[in-house]
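# sequence and computational prediction follow.
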Amino acid sequence: MNDSPWAAEPVPAGPAYDALVGPQTAPMPIVPDAAGRAFDDREARDRGAAFAGGPPFRAETPLQEPMPSPPPPPPQAPQDASPPPQKKRAGRDLRAAIGVGVGLGAVIFASLFIVKAVFVGVVVVAVVVGLWELTSRLQEKKGIKAPLVPLAVGGAAMIIAGYVRGAEGAWVAMALTALAVLVWRMTEPPEDYLKDVTAGVFAAFYVPFLATFVAMLLTPDDGPQRVVTFLLLTVVSDTGAYAVGWRFGKTKLAPRISPGKTREGLFGAVAFAMAAGALCMEFLIDGGAWWQGLLLGLAVAVSATLGDLGESMIKRDLGIKDMGTLLPGHGGIMDRLDSLLPTAPVVWLLLAAFVGTG
């Protein structure tokens, strides 16, 4: 007999036991599976719970082939990487522009130092062609009919009178040209008369009258050297403005008139023109001094820039890029005279003040 308190006493069967622990459950029926194996309902419930997502045992699933991994993406540039800077390009065909410029320079220099009258003829031809370009664009774009015939005849007379008779002859020829424009336009209907004659008088002053100062530069003994100084300073000013503005230009000079011009380009024009002016006055002009050349170069840079802006203003009003297409790489004759025309009276006046007109 086991006297240990830990020994389990025998539990009698019968109604008392049933009342104490409840009725005994019947054994679970045996259910065969699809393969013929037998397992009881408890195992079926456990297997169903496993397939429903709850363990008590791991549901066996068929093995699957691993999915192939996608190829790695190609390397991409960083988002903050900026595209390489574009190389600046000139707006015109530089080869054609240089070739035409050299050809024009050869004609001008040959006529200057061979026979002065030939150079006067070159100026007359340039003035007549420039008048034709200007009046043609005015009629095409604005319907303004400035009479070309009296302008061309009067313009040629102005150049010759300025060379022969000086400033007095040029003013007389200008007045007669304006009168001829007024009379010539009377042969047509009166509509737009005032607009047409106003444009005609403006064209007479803008092109041939300003060009007479080039012929007047030629009259002294050192006239060819004076004309060379005038042309050289204007070209050097334009070249300095282009070179410095193209390389360093950032601040616009007059964006509404000429977006391509910059203040840095203007400084380049002044520096180049002043240096060239000092050299020209020292070595080309009789009785000239280098400090006079500095002042002359400064004045040329300013007048050439203003002349270029004035021409740009006219072309912007007309809605065109160039006045003509006669000179490849340059546009028309007027596109080359834009800075020369207003510079001519400035150079003539300063040289007359520095060294006289004799």
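Yep, that arrived.
# and the residue nearest the centre of the chain, its phi and psi?
Centroid-nearest residue in the chain, with CA atoms, centre = their mean: residue 260, separated by 5.7 Å. Per-residue torsions, residue 260: phi -80, psi -10 (degrees, to the nearest 10).
# so it makes contact with residue 241?
No. Counting by CB atoms under 8 Å, residue 260 sits too far from residue 241 to count as a contact (10.0 Å). (C-beta placed from N, C-alpha, C; glycine too.)
# would you mark the buried spots in the helix or strand residue 177 falls within?
Assessed by DSSP states H and E, residue 177 sits inside helix 148-185. Across helix 148-185, burial judged by 16 or more other CB atoms under 10 Å covers 148, 150-152, 154-163, 167, 169-171, 173-174, 176-178, 180-181, 184-185.
# do the same with stretch 137-149
137, 138, 144, 145, 146, 147, 148.
# mind checking which of those residues land in helices?
Counting by DSSP state H, the part of the buried residues of stretch 137-149 found in helices is 137, 138, 148.
# for the first one, which non-adjacent residue is spatially closest?
If I follow you right, that is residue 137. What sits nearest to residue 137 in space, not counting adjacent residues and going by CB to CB, 6 or more residues apart in numbering, is residue 318, at 5.5 Å.
# quick one: contacts of stretch 273-292?
221-222, 225-226, 228-229, 232-233, 236-237, 240, 293-298, 300-301, 304, 350-351, 354-356 (CB atoms under 8 Å, 6 or more residues apart in numbering).
# for it, list the C-alpha coordinates in CSV.
C-alpha atoms of stretch 273-292 as CSV (Å, rounded to 0.1, in the frame of the first residue of the first chain):
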residue,chain,number,x,y,z
ALA,A,273,39.6,102.4,-80.1
MET,A,274,41.6,104.5,-77.7
ALA,A,275,44.7,102.4,-78.2
ALA,A,276,44.4,102.5,-82.0
GLY,A,277,43.6,106.3,-81.8
ALA,A,278,46.8,107.0,-79.9
LEU,A,279,48.9,105.1,-82.5
CYS,A,280,47.2,106.7,-85.4
MET,A,281,47.5,110.3,-84.1
GLU,A,282,51.2,109.6,-83.3
PHE,A,283,52.3,108.0,-86.5
LEU,A,284,49.7,108.9,-89.3
ILE,A,285,48.4,112.4,-88.7
ASP,A,286,50.8,115.4,-89.2
GLY,A,287,51.1,117.3,-85.9
GLY,A,288,49.0,114.8,-84.0
ALA,A,289,49.7,113.7,-80.4
TRP,A,290,49.0,110.4,-78.7
TRP,A,291,46.7,112.0,-76.0
GLN,A,292,44.6,113.4,-78.8
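# where does the stretch 51-200 of the chain dip in pLDDT?
51-94, 96-97 (pLDDT under 70).
# mind jotting down where the strands sit in this structure?
Taking DSSP state E to define them, one finds strands in the chain at 30-32, 38-40, 252-254, 258-262.
# in the longest one, what counts as buried?
I take that to be strand 258-262. Result for strand 258-262 [16+ other CB under 10 Å]: buried residues 258, 260, 261, 262.
# which pair in these spans the largest distance?
Largest separation among the buried residues of strand 258-262 by CB to CB: 258 and 262, giving 9.8 Å.
# got the buried residues of strand 258-262 as CSV, with pLDDT and distance to residue 214 columns?
Below are those laid out as CSV (pLDDT from 0 to 100; distance: CB to CB, whole Å):
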residue, pLDDT, distance to residue 214
258, 90, 24
260, 89, 27
261, 92, 25
262, 95, 29
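# could I get the residues you listed in TSV, plus columns for distance to residue 324?
Listed next are those as TSV, based on distance: CB to CB, whole Å:
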residue	distance to residue 324
258	18
260	19
261	21
262	26
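# which of these sits closest to residue 127?
residue 258 (24.1 Å).
# I'd assumed residue 312 was in contact with the closest one.
Yes. Counting by CB under 8 Å, residue 312 is a contact partner of residue 258 at 4.2 Å.
# show me what contacts residue 316?
Residue 316 sits in contact with residue 257, where contact means CB under 8 Å, 6+ apart.
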